[in-house]
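Asks: Okay, predicted coordinates and the sequence, questions at the end:
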Amino acid sequence: MMAFEKKEIVSATQLVRQFSNFLTELTNRKLKKIAIIKNNEMKAVVLPIDEYENLVLRANASNQKSLKDFFGSIDKEEADQMETALAECRKVDENEW
C-alpha cells in the first residue's frame, strides 16, 4: 500500500465540505495526493492532473510491445535499427517543424 501523510488522508465528508481548499492545495503542490476515506476504508485517491497524465503515459509505455513483437517476421538486428530510429524521431522538437 502507498504511504500517505496524515494531512493527505481525508474523509469523504471533509472533502465535500472543503473541496475548494483541497483542490487549491493539490494544484499549488502543498499536497501531492489525497486519499479519500469512507466508512474507515480508503476508497479513492485524488491526484493533480499532471501526475495523473504522467502515470498514464508510463503505464502505456510499459504496455507497448517491441517492434519485433509487432512485425514478427523481422530479425533482431532490423528490429533494433527500427527502435533506434524511432527513439531518434522522438527526440525531435515538434516546434522545429
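Replies: Yep, it's here. Numbering: from 1, shown residues only.

Asks: Phi, psi for residue 4 please.
Replies: Main-chain torsions, residue 4, degrees, to the nearest 10: phi -130, psi 140.

Asks: I'd say it and residue 33 touch.
Replies: Yes: applying Cβ atoms under 8 Å as the test, residue 4 and residue 33 come out as touching, 7.2 Å apart. No exception for glycine: its C-beta is placed from N, CA and C like everyone else's.

Asks: Pick out the residue closest to the middle of the chain.
Replies: Nearest to the mean C-alpha position of the chain, counting by Cα atoms, centre = their mean, stands residue 55 at 1.1 Å.

Asks: Residue 45 versus that one, what's the distance?
Replies: To residue 45, residue 55 is 11 Å away according to Cβ to Cβ, to the nearest Å.

Asks: circling back to that earlier point, could I get the contacting residues of the residue nearest to the centre of the chain?
Replies: residue 47 (Cβ atoms under 8 Å, 6 or more residues apart in numbering).

Asks: Which pLDDT value goes with it?
Replies: With respect to pLDDT, residue 55 has a value of 83.

Asks: With residue 31 instead?
Replies: Confidence at residue 31, expressed as pLDDT, is 93.

Asks: That one contacts residue 9, correct?
Replies: No: taking Cβ under 8 Å as the definition, residue 31 is not a contact partner of residue 9, at 10.5 Å.
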